[in-house]
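Trainee: Below: sequence and its predicted model.
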Amino acid sequence: MRNWRMLKRLYISNFALINEMDVSFPGNFTVITGETGAGKSIFLEALGLALGKRAELAALKNKTKKCIIEAEFEAKGLDLVSFFEENDLDSESTIILRREISIDGKSRSFLNDSVVSLNALKMLSEKLIDIHSQHQTLLLNQGSFQLEVLDAFAGSLGVFKEYKLEFAKFNKLNNNLKQLQEQETQARKELDYFQFLFEELEQAEIKPGQLKELEEESNTLENTETIKSNLLNASNTINGGEINLLSSLNQVKLSIQGISKYGKSYEAFFERINSAYIELKDLAGELEDAESEVNFDNVKLEEINTKMDKLNRLLKKHAVKTEDELLKIKTDIEEKLSRFGSLESEIEKTKKEITKAIETSARMAKDLTSHRTKAVAGIEKQVKEMLTDLSMENANFKIELIKLSEIGNNGFDQVRFLFSANKGGSLEELHKVASGGELSRLMLSLKALLATKKQLPTIIFDEIDTGVSGDVADKIGNILLKMGSGMQVVTITHLPQMASKGKHHLFVYKKDEEDKTVSYIRQLNNDERVTEIAKMLSTSNPTQSALKNAKELLSLN
């Protein structure tokens, strides 16, 4: 027998009827008993909070103190590496989950003293424990649970997980394609307009500072006559006619040249005057050349003015002030046009990826169908045998695997659990024919078988024996006892036959203290177990016969 002890301890402070409770779970199969209303299910509610369930302010027993719940688990041997890595936490063999609810109703969650989200707690709890409450039996009617059962028996949970990832990829690609096609439709509406804008800007041959250059050129052409006249006057004044600046400066130059030999300062004067003479002579030549080059060109003036008008219209049209801004608009439009081209190629690429993804998904879905189909008969056989052991000899259980024409979230398969409790009865879906007690026994059968196929470290049953006789309770107890050989089992029960099966027995009771009622829990020793089971067999004051019967029940286990 493996010594499973995943849930080691549960500490509860200021919750519901509990002031403070510190419970240890020492072995593989623990039973919890107590009078109705004593608070047996409170610890389940508290554990649920530690595992990530929603917290409510009403849970606080004393509204002036915070509520603290701690659940300690032994995680050695569990594959939790990826969980710790994804949540950036240190991996440890002991896991302590703590939930605190403040007096204002705010809640905080901790994993080994590190703050974590409720979502992270829920993800982790699924790997640590399975709490089977009475309402959970309703899961039997859900296709997702039925499929999980089938895949667990078929050994295809891993394949199904990979399939769901691949099919999710296919769905994501489909959504991407729809978005791309919507963008393409919108782009087509705008394409002609943006193409026109781009060509208009392209034909304008815009350059930075172009408008200023055109304005200067236009201004020059419009004042050709004045420019030409002034250049000519300037040129003539310097070097035209008999009397001009150069001839006068030449006389000055000759005068100073005559005395340059009498001193260095006179020589320097001469050099400066000579330099000015040369510069003025060059300037006169350049003015003359400039004058000859200035010609009125009406055609060119019209071209320049046309360019200026076009550029000004573009600036106004696009509500900008500079050529640089126009060039930026042109670049943006060019990018939009380019994106339209890339949209087409992106759509084609996505379509190819979708084809590949659906082919892979279909191949995996067919593999799933093969696994599931092979497993059906074996599951039906084992469930029928277990139902027979639970005094349902005439029960019939069948798994209907329906092949779908189109691939979906579950592959090509849709599963239905069909049931009949009576001999010769027609097989119908569970919710149509099964009673609460029948559903409970069927769920127990499936969970017991699942325990051999799926890693379930700890499972807690909340009155799985509700609505059954003592004989059936004894058989249910035997099943739970067998489950305890491979996992940790905790069950809340009100039947002595079940209570006698436990390797450890926790007793819940309540006491009136001053103005309030408080719940307590403690582990019973052997003598106390005899008394408690005897009370369950008879009354609060058990007879000698009941005590003897209790000892016999315990001795059988």
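Mentor: Received the coordinates, thanks.
Trainee: residue contacts, Thr452?
Mentor: If you count contacts by C-beta atoms under 8 Å, 6 or more residues apart in numbering, Thr452 has them with Gly486. Where C-beta positions appear, they are placed from N, C-alpha and C, glycine not excepted.
Trainee: In the stretch 1-150 of the chain, where is pLDDT below threshold?
Mentor: Per-residue confidence for the stretch 1-150 of the chain (pLDDT under 70) gives these ranges: 1-5, 56-59, 134-139.
Trainee: where do the helices sit along it?
Mentor: Assigned by DSSP state H, counting those that start in this stretch, the stretch 1-150 of the chain shows helices spanning 42-50, 81-86, 118-128, 143-154.
Trainee: what packs against the second one?
Mentor: Helices and strands touching helix 81-86, by 3 or more C-beta pairs under 8 Å, 6 or more residues apart in numbering; DSSP states H and E, are helix 118-128.
Trainee: now the third one
Mentor: Identification of packing neighbours for helix 118-128 by 3+ C-beta pairs under 8 Å, 6+ apart yields helix 81-86, strand 94-101, strand 107-111.
Trainee: mind checking which of these is nearest Glu72?
Mentor: Between Glu72 and the helices and strands packed on helix 118-128, the tightest spacing by C-beta to C-beta is seen for strand 94-101, at 5.0 Å.
Trainee: Need the contact partners of that closest one.
Mentor: Strand 94-101 is touched from outside by 8, 49-51, 55, 57, 59-60, 66-75, 107-113, 121, 124-125, 128, with contacts defined as C-beta under 8 Å, 6+ apart.
Trainee: go on, stretch 175-192?
Mentor: With contacts defined as C-beta under 8 Å, 6+ apart, stretch 175-192 is touched by Lys336, Leu337, Arg339, Phe340, Leu343, Glu344, Glu346, Ile347, Thr350, Lys351, Ile354.
Trainee: Buried ones in that stretch, by neighbour count?
Mentor: Across stretch 175-192, burial judged by 16 or more other C-beta atoms under 10 Å covers Leu177, Leu180, Ala187.
Trainee: Going by distance to Ala319, which of the residues you listed wins?
Mentor: Distance to Ala319 across the buried residues of stretch 175-192 (C-beta to C-beta) is lowest for Ala187, with 23.3 Å.
Trainee: Now mean neighbour count and distance to Glu213 too, for the helices and strands packed on helix 118-128, in TSV please.
Mentor: Output for these, formatted as TSV (neighbours: other C-beta atoms under 10 Å; distance: least, C-beta to C-beta, whole Å):
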stretch	mean neighbour count	distance to Glu213
helix 81-86	12	63
strand 94-101	19	75
strand 107-111	18	70
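Trainee: measure Val489 to Leu480 for me?
Mentor: 5 Å (C-beta to C-beta, to the nearest Å).
Trainee: same thing with Thr220?
Mentor: In this structure, Thr220 lies at 106 Å from Leu480, with C-beta to C-beta as the measure.
Trainee: more crowded one of the two?
Mentor: Neighbour totals were compared for Thr220 and Leu480, and Leu480 leads with 25 against 13 (other C-beta atoms under 10 Å).
Trainee: which stretches of the protein have low pLDDT?
Mentor: 1-5, 56-59, 134-139, 191, 338, 341, 454-456.
Trainee: if we go to 50?
Mentor: Per-residue confidence for the chain (pLDDT under 50) gives these ranges: 1-4.
Trainee: Report the residue ranges of every domain in it.
Mentor: Structural domains annotated on the chain: 1-134+457-523, 209-321, 525-557, as defined by automatic domain parsing.
Trainee: deepest of those, which one?
Mentor: Among these, the stretch with the highest mean neighbour count (mean count of other C-beta atoms under 10 Å) is domain 1-134+457-523, at a mean of 18.
Trainee: Where do the strands of the stretch 251-400 of the chain begin and end?
Mentor: Under the criterion DSSP state E, counting those that start in this stretch, the stretch 251-400 of the chain carries strands at the ranges 396-408.
Trainee: got the contact list for the spatially most central residue of the chain?
Mentor: Relative to the mean C-alpha position of the chain, the nearest C-alpha, by C-alpha atoms, centre = their mean, is the one of Asn119, at 11.0 Å. Asn119 makes contact with Gly52, according to C-beta under 8 Å, 6+ apart.
Trainee: May I ask you to name the longest helix in this protein?
Mentor: Under DSSP state H, the helix in the chain containing the largest number of residues is helix 323-389.
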